[in-house]
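[1] here is the input, now give the coordinates:
(4 chains)
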Amino acid sequence: MSRLLVGPFNRVEGDLELSLDIQDDAVVAARVATTLYRGFEQILPGRPAMDALAVAPRICGICSVSQSMAAAAALRALHQAEPAHNGVVAANLAHAAENLADHLTHFYIFFMPDFARAQYAPAGWHGAAERRFKAVEGSAANEVLPARRRLLEIMGLLAGKWPHSLAFQPGGTTCSVDLGQKIRLIAILRDFRRFLEEVFFAAPLESVLEMGTVEDLDSYAEGPGAGGDFAAFWRIARALDLENLGRAANVLMSYGAYRGAQGSLLGAGLFDPVSGSPEPFDPAAIREDVSHAFMREGPEDPMLARTEPDIAKAEAYSFAKAPRLGGRPAEVGAIARLAVHGHALTRVLLARSQGSNVAARIVARSMEIAIVTRAAEEWARSLSLDQPFCASAPLRDEGQGVGLIEAARGSLGHWMSVSRSKIRRYQIIAPTGWNFSPRDEQGVPGPLEQALEGAPLQGFGARAASVQHIVRSFDPCMVCTAH
Amino acid sequence: MSRLLVGPFNRVEGDLELSLDIQDDAVVAARVATTLYRGFEQILPGRPAMDALAVAPRICGICSVSQSMAAAAALRALHQAEPAHNGVVAANLAHAAENLADHLTHFYIFFMPDFARAQYAPAGWHGAAERRFKAVEGSAANEVLPARRRLLEIMGLLAGKWPHSLAFQPGGTTCSVDLGQKIRLIAILRDFRRFLEEVFFAAPLESVLEMGTVEDLDSYAEGPGAGGDFAAFWRIARALDLENLGRAANVLMSYGAYRGAQGSLLGAGLFDPVSGSPEPFDPAAIREDVSHAFMREGPEDPMLARTEPDIAKAEAYSFAKAPRLGGRPAEVGAIARLAVHGHALTRVLLARSQGSNVAARIVARSMEIAIVTRAAEEWARSLSLDQPFCASAPLRDEGQGVGLIEAARGSLGHWMSVSRSKIRRYQIIAPTGWNFSPRDEQGVPGPLEQALEGAPLQGFGARAASVQHIVRSFDPCMVCTAH
Amino acid sequence: MSPNPFNILWLQAGSCGGCTMSTLEYGEKGWFRELESAGFRLLWHPSVSEETGEEARLALERIESGETPLHALCIEGAVLRGPDGTGLFNRLAGTGRSMLDWTQSLAARADYCVAIGSCAAFGGMAAADPDPTDAAGLQFRESDAGGALGADYRSRLGLPVVNIAGCAPHSGWIMETLSALALGALAADDLDALGRPKFIFGHLAHHGCSRNEFYEFKASAEEPSQRGCLMEHLGCKATQAAGDCNQRGWSGSGSCTRGGYACIACTSPNFEDIRDFHNTPKIGGVPVGLPADMPKAWFMVLAALSKSATPPRVRENATADHIVAMPRSERKPVE
Amino acid sequence: MSPNPFNILWLQAGSCGGCTMSTLEYGEKGWFRELESAGFRLLWHPSVSEETGEEARLALERIESGETPLHALCIEGAVLRGPDGTGLFNRLAGTGRSMLDWTQSLAARADYCVAIGSCAAFGGMAAADPDPTDAAGLQFRESDAGGALGADYRSRLGLPVVNIAGCAPHSGWIMETLSALALGALAADDLDALGRPKFIFGHLAHHGCSRNEFYEFKASAEEPSQRGCLMEHLGCKATQAAGDCNQRGWSGSGSCTRGGYACIACTSPNFEDIRDFHNTPKIGGVPVGLPADMPKAWFMVLAALSKSATPPRVRENATADHIVAMPRSERKPVE
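    Sure thing, here's the model as predicted:
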């Protein structure tokens, strides 16, 4: 058995280091570390509660709106504020824009370029994959980056700027939309749909959303949508059997995405991929284990915990804490949201491999793109311009608030305690915190660490594509993870 | 013999009506009329001289900068002002942006769609032409319109807005460029070159500019550049023998384009396509004949003339006056500029048919795109940001000024007389005024009227493609013509 | 193309074509693409449609007869009523009829009637003194109700003419207004007293001008190309001109004042009869055209005071053509 | 790719990745296309390059050894010097070395050294009180010269670190600055006292704010989403913040104040230690942070006077979230 240190592991957000135990050209054990710690949970305490809105987004530049939404949700809970309906819709729209941009960036910039690697040169599909997806040079980027830029114009309209906007408030959003802006929003979403229907799926969103089986996927990918980049992915996934790569069988968790007056677009809950059934979800069961983190021990309940780094800690191998739900790891992300939501195709894929896997994670993320784009179109139309965007509420200077939301990569929670209108404690558990969790006190590895076990290296050692695919299939963000 | 009235003749700027005398399925005589008169030459007198800068551009929205440049040049002559070097360069850049945009708009939006007409359905090339160039629906527009929009961002930087900017002054431009703007200018031109090299020519500009013979054109269009839209045009031109359509053998005239410290990029002069030799050019020989215009008779010298419509005039058939150079009609435009400049390919094409023709006009316009783009790149780099953009000059309140410049469509002149700092007389002779001139007192038809003589109708009457090609090959602008 | 397209007929009357040129800048993937995906159908447009001559005449006749439904009639350019009410200064080529006649006839068929640009709205430059062609807007002549269609005209869905003023108007103004109409989101109450959509013309052009700090101190440019405010000397009328001009990028990132020249209030009726566009008329050293709704005396007092308060940085930069004085650096923690 | 590419190495230190996210919005056809046609070569960038693990380590070593010429070293994120100067809060994965170490080593090789974002420039949010990681900018710690490379550091072509402040900075700031460097058009004299390019940071964020008329009358928003000026009550610091923020479109057409919230001076050292970002600190009713270079007394007098001069339109709109009062229509000829 040998041990490989893999890093810098790029095309992910932030600093990721893997330590792999190798035997028989396969991974037998994996440890994942984040090598950057900035100390947000030390910076926030002592500041006026509302300042979380300025500080929190800067945890991460790729899911900045998610951080804002979580902070605003925590403050909303603290102040018991009732947000203005328009504000909720506008915030969801901005959030959708970020999430869609993240999904696209992940697919095109982070994930697909691995298929252009020289390791695959022998494969029949490699030439096309290289031309289309090669990092920096492939043709796809020249279409997706402009499409992303255009999509993010939603931010200019609703959030002033991105990343790091102060538009998201407990009472709604700061930016009241006028008729022209509403029209522009609709136009941006039209352009985005067009991109999806011509480039990404090469098929109408409606028909994409009708796919419920692997056969549907196959006939889409070989048939009408064959020119789409998602179809290209699926054909490669079939060729490389990515359904059987990077399997993990943890419970799938969602806090519920895009909350609105009529509830969430994608509901909250748990789903067990092995039994194929939903489970009841209790946020109160969330804890953070620091056994392998460079952190001092303390209360595990995020409402009570503090964060104090200890670089010298012996068993520690990461700056990340290990979140656990009722003591178990959980996998989060689009795959969890769609599984909980009951999305047929996602559940079919989970059932086929009795767990999540590289292919299923990508498919779920792609399907979510279609679902959210359609929803966003509705939301934009539903803004009623004579109604307020931000409700004011009396501020409370004592109390607590939890903000649980779904970021692109999965479930994000902010736990905040306030006294004399200053923050006393602030804990953040990010999606990649769940997925790329280190081992816990029980030695239970996190979802990624599990998924890597058994990965075949095909003689490529640390450079093996399988490792790349598995890690990136989660769309990890290490800056969120350790903050 | 029968007479056809053709109109509304669209995909040209402004209101154009043709009257064709038809015999044996061919045109034997043509009369061209502009059916709109707005009265700019009546509006300008009485206003402060500098107000020409606000009024003149509104003569035409497609060559608004040209009108501004001509007015500024006339004022410069009046005030004997010495413009700041940067201002000259910046104005040339903005003017280039307009002219390039005009050339593109003409090629893609006005001219090429005629090849997608059903009349050509039997031709082998028709299917591809229709998919690519069909009006509103063809695929090319979705590339060229964004490219045009991006190119026109030069206007946002240098002219504030377009059309109708007040940035162009006798002393230079009002907009001093900073470092960031300079960088942006360069980037815009880079994008434009890219569009040309990937879409329009599908070949490096440098190689385009090396073409000197029809053989070069042929081998470009069949070879490396075959995917370019210009190549597609050339192949169609060969198939339809457009070199022998719309011939006119008038002298070709240019006032000189893009004047700078080192003289003009494309010099002033005359070129006789029949003898193939340059001729001396004397602007003092310019006159306007109103024998067939709905205008009262008066002095023919544009410095002395006034404009007074007379709708009841018997022999009149157009609101346009007939400009003449030493009593002769002249053809103007890119073809004239390049012929005078000595551009080899243009002169070859002129020599082959002993005159201008549909194909030669389009080729010249396309070659000019390449020439001007390259020059603009230089200009953008040459702006020296620590130098002034606008020089102030004492204003004179008496005198005259002539502004002779080259607009996209050819030679544009403004003649202005000022007394007590008010405009007393203002005459405008536009490029299409030359090309689409009505007959003069001697009954000599204008260049278009000549070019239409002999056009074969192939049984399609007023809808014949030949008439469409010939008229549009000049890129007429009727709003400039009659103003 | 959507199953129930919103049919647009766009005609040019006494126009310079600039409104169309501006419109062609619209859309990420180009205007045609935008129209199509927004569910618009362009029945005919003189600059871009394939149909010419007879084909075009037939298309117009079908609209006039009611055979083709007309959701929005867009007129670009002033309607020329001269000479002597004949409209003959502007015939629609090939039809033997004046645009005055066509406009009146087609307007009766339109669900909405839209004036594209100040010419079509108020007469615009064509109506400039001495108004040689008796030019009018569709429903206004300068700021007087009336125009080519008359003060009482209402389109089939009950709206007066929607005036997208500006010369040329921003492409966003045009397309957002048309989209709003197509969405049924623009009611009579959303128009100002001059028929202009409030969401655009409830702003002043001055809003968002990058020379604002100079304005605050009345630190003014004295010559073109200088950085100072253009109101005091160089004729800027943005404090009186309606429009969100300085809140939009024109041709990318431009605007009139960003371009270094005065706002000439091109969205206002009568802008064409401004004399001496480049100079500010003053009385007693006080500009005649004061900010909208601003009492003159206040302006004078404030202007005088703020001039004395002008920091050297602002004063020096005002008459320079690039930044010569920098803000003091924030070396201390900002509170 | 141009024959003599301008080689850029982009590394992320104590970064949130937001500067890169912003940069990815640049370019008509996308950032990669832009880099290529502008003649830039991206030697390596953690978010977009193919090379990973060992391949990436080798690339870095070739640069460090001088084998690969390094024209611009771009560092995104603060350099974390803690704990105790070890830099261990931020190791470059797989290399066993801290980013502090890598940064210092590579900076010595770079023709130009560029700090991307306020973190890399001054420490940024990571350096916020109590500064748990001893975070610093490359050449400043807050507004004190020094930082990770030291006050005396000069890149191989003699420039101090070029600080592209902002959190996140506008993609145009980043790319225009890099292009200017590549063109050799940025000299030491083109930087302000904090190492920021003057062409961007010679402006104030307040320049071009669309709420300017409200500012002029001190007609202020009282609650988020209202239209008035954000300075008096809601914490806007744009009159003190360097940057042409309100003269650029952010993510299309946005900006902080257009988005309805205060400028928090994110381009300034120490912005992270503002307390109560959403409220304007006042003493005796007068805001503490006054416009750059403005004498306090003047401000007070002017503010008081202009408040009394406020036209009703401006007063009413200031506290509304959409336009409720229109400018009077221009019914008289504009002069």
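
[2] next one: the helix or strand containing A:A147 to chain centre, how far?
    Secondary structure assignment for A:A147, by DSSP states H and E: helix A:141-151. How far helix A:141-151 lies from its chain's middle: 20 Å, per C-alpha atoms, centre = their mean, to the nearest Å.

[3] can you tell if the helix or strand just after it touches chain D?
    Next along the chain after helix A:141-151, taking DSSP H and E as the criterion, comes helix A:153-158. Yes - legend: contact between helix A:153-158 and chain D by C-beta under 8 Å from any C-beta of the partner chain is shown at A:153-158. Yep, even glycine has a C-beta here, placed from its N, CA and C like the rest.

[4] give me the longest helix you can find in the chain.
    This is for chain A. If you go by DSSP state H, chain A has its longest helix at helix A:358-382.

[5] meant chain C, my bad for not saying
    Per DSSP H, chain C has its longest helix at helix C:296-309.

[6] elements contacting it?
    Contact analysis of helix C:296-309 by 3 or more C-beta pairs under 8 Å, 6 or more residues apart in numbering or on different chains; DSSP states H and E lists strand C:286-287, helix D:296-309 as its packing neighbours.

[7] deepest-packed of these, please.
    strand C:286-287 (a mean of 18; mean count of other C-beta atoms under 10 Å in any protein chain shown).

[8] note down every partner strand of that strand and its orientation.
    According to DSSP bridges, strand C:286-287 forms sheet pairs with strand C:282-283 (antiparallel).

[9] which residue sits closest to the closest residue to chain D within the stretch 1-150 of chain C, ignoring its sequence neighbours?
    Proximity of the stretch 1-150 of chain C to chain D (C-beta to the nearest C-beta) peaks at C:S143, 4.5 Å away. Excluding the flanking residues, the one nearest C:S143 by C-beta to C-beta, 6 or more residues apart in numbering or on different chains is C:P269, at 3.9 Å.

[10] could you list the buried residues of stretch C:53-63?
    C:53-57, C:59-60, C:63 (16 or more other C-beta atoms under 10 Å in any protein chain shown).

[11] can you check stretch A:190-206 too?
    So, applying 16+ other C-beta under 10 Å, buried residues of stretch A:190-206: A:190-197, A:199-203, A:205.

[12] equivalent analysis for stretch A:383-396, please.
    A:383, A:385, A:388-393.

[13] just to revisit the earlier point, average model confidence for the longest helix of chain C?
    Here helix C:296-309 scores 74 as its mean pLDDT.

[14] which other residues reach it?
    Contact with helix C:296-309 is made by C:216-219, C:286, C:290-291, D:294-295, D:298-299, D:301-302, D:305-306, D:308-309, as judged by C-beta atoms under 8 Å, 6 or more residues apart in numbering or on different chains.

[15] in CSV, list the helices and strands packed on helix C:296-309 along with distance to D:D244.
    What follows is the helices and strands packed on helix C:296-309, written out as CSV (distance: least, C-beta to C-beta, whole Å):
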stretch, distance to D:D244
strand C:286-287, 27
helix D:296-309, 23
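
[16] ends of stretch A:131-140, what's the gap?
    8 Å (C-alpha to C-alpha, to the nearest Å).

[17] quick one: is it near chain D?
    Yes - Stretch A:131-140 lies within reach of chain D by C-beta under 8 Å from any C-beta, at A:134-137.

[18] spatially nearest residue to C:G77, not counting backbone neighbours?
    C:S15 (2.5 Å).

[19] same check, this time on A:A81
    A:A393 (3.6 Å).

[20] pLDDT at that neighbour, what is it?
    79.

[21] of all of the stretch 301-450 of chain A, which residue lies closest to chain D?
    A:C390 (3.7 Å).

[22] how about low-confidence regions in the stretch 1-150 of chain C?
    By pLDDT under 70, the low-scoring segments of the stretch 1-150 of chain C are C:1-2.

[23] contact residues of it facing chain A?
    Counting by C-beta under 8 Å from any C-beta, the stretch 1-150 of chain C sits next to chain A at C:27-29, C:33-34, C:37-38.

[24] any chance of those residues in JSON lines, with secondary structure, distance to chain B and neighbour count too?
    Shown next, in JSON lines, are the residues of the stretch 1-150 of chain C next to chain A (DSSP: H, G, I helix; E, B strand; the rest coil; distance: C-beta to the nearest C-beta, whole Å; neighbours: other C-beta atoms under 10 Å in any protein chain shown):
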{"residue": "C:G27", "secondary structure": "coil", "distance to chain B": "7", "neighbour count": "24"}
{"residue": "C:E28", "secondary structure": "coil", "distance to chain B": "7", "neighbour count": "23"}
{"residue": "C:K29", "secondary structure": "coil", "distance to chain B": "5", "neighbour count": "21"}
{"residue": "C:R33", "secondary structure": "helix", "distance to chain B": "5", "neighbour count": "20"}
{"residue": "C:E34", "secondary structure": "helix", "distance to chain B": "9", "neighbour count": "23"}
{"residue": "C:S37", "secondary structure": "helix", "distance to chain B": "11", "neighbour count": "19"}
{"residue": "C:A38", "secondary structure": "coil", "distance to chain B": "14", "neighbour count": "20"}
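
[25] give me the nearest residue to residue 130, chain neighbours excluded.
    Unless you meant another one, I'm taking chain A. A:A116 (4.2 Å).

[26] the intended chain is chain C.
    In this structure, C:P130 finds its nearest non-sequential neighbour in B:Q42, 6.5 Å apart by C-beta to C-beta, 6+ apart.

[27] and the residue nearest the centre of the chain?
    You didn't pick a chain, so chain A it is. A:R409 (0.7 Å; C-alpha atoms, centre = their mean).

[28] wait, I meant chain C there
    Centroid check for chain C by C-alpha atoms, centre = their mean gives C:G166 as the closest residue, at 1.2 Å.

[29] great, nothing more from me.
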